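>>> 3D, please:
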Amino acid sequence: MLSIHEPVLDTPTIDDVIRAVEQYHPKADFAMIRRAYEFGAEAHKEQKRQSGIPYISHPLAVAHILTQLKMDAMTIASALLHDTIEDTGVTAQQVAERFGHDVAVLVEGVTKLDKLEFASREERQAESFRKMVVAMAQDIRVILVKLADRLHNLRTLEHMPETKQRGTAQETLDIYAPLAHRMGIGWIHAELEDLSFRYINPRAYQDVERCLASTQESQAHYLRRMHEIIARELSQIHIPCTIASRPKHLYSIYQKMQRQQLPFEDIHDILAVRVITDTVRNCYAALGMLHALWKPIPGRFKDYIALPKPNMYQSLHTTVLGPENERVELQIRTEDMHRIAEEGIAAHWRYKGQVASDKQDERFAWLRRLMEWQQDVADPLEFMETVKIDMFQEEVYVFTPRGEVRTFPRGATPVDFAYMVHTDIGHQCMGAKVNGRIAPLRYQLRNGDTVEILTSPTHVPSRDWLRWVVTSRARTKIKTWLKTEHKARSLALGREVCEREAQKYVPNPHAYMKHQALSAVAPYLGYQTAEDLLVAVGYGRVSALQVVHRLLPADIIEERKQKAKPLTPVPRTPRHDGIIVQGLNDILVNFARCCHPLPGDSVVGYITRGRGVTVHTTDCLSVEKLEYDPERRVVVEWDRQQETLHPARITVVTHDQQGVLAGVSSAIAACDGNISRASVTTSQDQKAYLEFTVDIRDIAHLNTIIHRVENLRGVLSVERVKSLSRWGKWHP
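Have a look, this model is predicted:
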């Protein structure tokens, strides 16, 4: 199912593109468009697409798609040049010299970051998207070119390897289709989803397509009947109208089948009839007539005229029981609303030399928020995730006490609302009233709620808020506050610890702890500023003794050593924890009780005050909470040259029968596993639950033991246990 606008040209020519532009902009700069084509054709002359046809066919197709959005000559020229910087020897400066600065900005905005090195494909994808966001903030046409580029790539994806097909299709579903929806370009959104669906789940795609085709003839007959009835009834009350209809696109049907767990035959509102009239008044009049004619389905009416979607979409939606009690969705809108629904943001963009109205500024508020987020969030992968949460989820509409409408992702809370109003309101949020009644801060906002935030200047954010806020603005602001607060506490603690240590040597440590002296010492210990050094002491990265020995004169240190009484050495068992902490020597290492890491597990370390470094597995649930304070994170790895024993816990479920404990114990011993703890409980269903703590070398050793025990007669399951419950019973 391709574009609902025009037939798709397999290989449009430059004359096809120019003729399409002439239809909506007869005074366009056609000379620039032709020059851009000639320049691009020369740059790509040695290149071919995977299908074997000349590469210039792709820029031509992208340009032709943009003519369906009625884009200006500059955008069409940029489409013809959009791959020159990335795939040929052409530079941005050359493009600027020949076609102007604005065209160069557009082309650079679409260009991916292929010439830079990234740790992973996901990081490259995220940083490319971030770069595109910055470019589209300068000129929104960047994303229009990118969407057209992605659309044509999907139309020709059958020529790519299967892994590339799935990767491109998934990326499109994750990023570009939702972005097209946010931009309000309905037909591109639908086609991107359908084409991606075709490669992500080809069997389901074919099933839905076949089911839809099997009902096509009966649907066409039914819709003609609906058209005749609607046209007749509206003409009787003198409402001019144009009527069109089409089934929902394939991916939306499939999503509904999955969401409601229904077969195709039970999806009743596949058909959609669109009534286009001249005024808003007539939209509501037509709605009243249609509801009088056919019974509306309760809960299926949506007024997007009074409350437009964030992507500028306006229409009345209702579902009725039409002829033969068939469910039919009706969409009622004006001509202008229909144009916006199809062209989206392209229908509103104001080019240089024209001033955007306040209403149009509101339509781009989401883009301003996007720019704020990318400035607040340093990690491109985190930025990508926040965009998916905030921009691509279903929205809810709520009201301020003054009656202003605000839009949030579904699941948003009063805390999200507070941070949307102002950062200080969010920080000081102590409660909320929803529809005049006190509501918990984790209450999920619903359509139509009126929200009032209660604040106190003494109230501060809670780390618990991060568990349930959903907007990236709220999450970023809370994390920033917590990080700043934690750093301030560590700074004060570091100063206190250093002063206490210095007091052992001199009666007035303040004289040596001045900012200038600390700043001079900091570089010797690997830090740039005095503040960074004291924070490191507070965190436990640097010992106070190291700082004091750098701060105080050598003669004072030596005098102190001479006066100190010799201590009798205490025998100490050397620590063999098998962990290497990158950048830190002679530091205490602990293993987290929440996940009990074993050699072979992927691990990460976090500095804990007074306890050195605590090692967690990377998939430990506690790590998510610890990530809110990234300065505590250190790189750790297992010491492969040191073989140490670690306690591992396993639970074995068996049939309750004589000798089972002895059999399992023997199997563990046969694998060189030393049992340091064992317990047995039985249940009424004739099962025995055996719990062991076994000293093992690494994950491979543990897996050998588990495999050996699993093969014993009567054993039902064997699992590694990672956490200890509050009641003292081990659970997997």
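
>>> Residue 110 against residue 145, yeah?
Yes - the pair residue 110 / residue 145 is scored as a contact, 5.1 Å apart, by Cβ atoms under 8 Å. C-beta coordinates here come from the backbone N, C-alpha and C atoms, glycine included.

>>> which residues are common contacts for the two?
Taking Cβ atoms under 8 Å, 6 or more residues apart in numbering as the contact rule, the neighbours common to residue 110 and residue 145 are 78, 82.

>>> What sits closest to residue 414 if chain neighbours are left out?
Across the structure, with Cβ to Cβ, 6 or more residues apart in numbering as the measure, the residue nearest residue 414 apart from its sequence neighbours is residue 432 (3.5 Å).

>>> just checking, that neighbour touches residue 438?
Yes - distance between residue 432 and residue 438: 7.5 Å, which falls inside the contact criterion (Cβ under 8 Å).

>>> ok, residue 332 to residue 222 distance?
19 Å (Cβ to Cβ, to the nearest Å).

>>> what about those two, which has more around it?
When neighbours are counted by other Cβ atoms under 10 Å, residue 332 comes out ahead of the other of residue 332 and residue 222, with 23 against 18.

>>> quick one: the more buried one is in a strand?
Yes - checked against DSSP: H, G, I helix; E, B strand; the rest coil, residue 332 lies within a strand.

>>> Just the pLDDT for it.
In this prediction, residue 332 carries a pLDDT score of 95.

>>> Equivalent analysis for residue 732, please.
Taking residue 732 on its own, its pLDDT is 34.

>>> for this structure, what helix or strand is lowest in average pLDDT?
Lowest on mean pLDDT, DSSP states H and E among the helices and strands of the chain sits strand 730-731, with a mean of 36.

>>> which residues touch the stretch of helix or strand residue 288 belongs to?
Residue 288 belongs to helix 280-293 when assigned by DSSP states H and E. Contacts with helix 280-293, where a contact means Cβ under 8 Å, 6+ apart, come from 229-230, 233-234, 237, 239-241, 275, 277, 305, 316, 318, 320, 330, 332-334.

>>> Dump that helix to PDB, restricted to CA.
Once non-C-alpha atoms are left out, helix 280-293 reads as follows in PDB (Å, rounded to 0.1, in the frame of the first residue of the first chain):
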ATOM      1  CA  VAL A 280     -16.000  24.600  11.300                       C
ATOM      2  CA  ARG A 281     -19.700  25.300  12.000                       C
ATOM      3  CA  ASN A 282     -20.600  22.900   9.200                       C
ATOM      4  CA  CYS A 283     -18.300  20.200  10.600                       C
ATOM      5  CA  TYR A 284     -20.300  20.200  13.800                       C
ATOM      6  CA  ALA A 285     -23.600  20.400  11.900                       C
ATOM      7  CA  ALA A 286     -22.600  17.400   9.800                       C
ATOM      8  CA  LEU A 287     -21.700  15.500  13.000                       C
ATOM      9  CA  GLY A 288     -25.100  16.100  14.400                       C
ATOM     10  CA  MET A 289     -26.800  15.000  11.300                       C
ATOM     11  CA  LEU A 290     -24.700  11.800  11.100                       C
ATOM     12  CA  HIS A 291     -25.300  10.900  14.700                       C
ATOM     13  CA  ALA A 292     -29.100  11.400  14.100                       C
ATOM     14  CA  LEU A 293     -28.800   9.100  11.100                       C
END
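
>>> quick one, longest helix in the chain?
When the chain is scanned for its longest helix (criterion: DSSP state H), the result is helix 472-502.

>>> Show me what the very next helix or strand once past it is packed up against.
Counting by DSSP H and E, the element after helix 472-502 in chain order, helix or strand, is helix 515-521. The helices and strands touching helix 515-521, judged by 3 or more Cβ pairs under 8 Å, 6 or more residues apart in numbering; DSSP states H and E, are helix 530-539, helix 544-551.

>>> Residue 219 against residue 247, yeah?
Yes - Residue 219 sits in contact with residue 247 when judged by Cβ under 8 Å, with a separation of 6.6 Å.

>>> so what sits against both of those two?
With Cβ under 8 Å, 6+ apart as the test, residue 219 and residue 247 both reach 270, 271.

>>> Which of residue 432 and residue 438 has more residues huddled nearby?
For residue 432 versus residue 438, neighbours defined as other Cβ under 10 Å are more numerous around residue 432 (22 against 11).

>>> what separates the more buried one from residue 407, distance-wise?
Spatial separation of residue 432 from residue 407 under the definition Cβ to Cβ is 18 Å.

>>> before we move on, what about residue 150?
Applying Cβ to Cβ, one obtains 26 Å for the distance of residue 150 from residue 407.

>>> These two - which one has more neighbours?
Under the criterion of other Cβ under 10 Å, the comparison of residue 150 against residue 407 puts residue 150 first, with 23 against 16.

>>> Just confirm the more buried one is within a helix.
Yes - counting by three-state DSSP, one finds residue 150 located in a helix.

>>> tell me the secondary structure for residue 276?
Local secondary structure at residue 276 is given as strand here, using three-state DSSP.

>>> how close does it get to residue 290?
Using Cβ to Cβ, one obtains 14 Å as the distance from residue 276 to residue 290.

>>> Leaving out sequence neighbours, find the closest residue to residue 636.
Of all residues beyond its chain neighbours, the one nearest residue 636 is residue 605 (3.8 Å), with distances taken as Cβ to Cβ, 6+ apart.

>>> Tell me the strands beside the helix or strand hosting the one you found, with direction?
Secondary structure assignment for residue 605, by DSSP H and E: strand 603-608. Based on DSSP bridges, the strands next to strand 603-608 in the sheet, each with its direction, are strand 612-617 (antiparallel), strand 633-634 (antiparallel).
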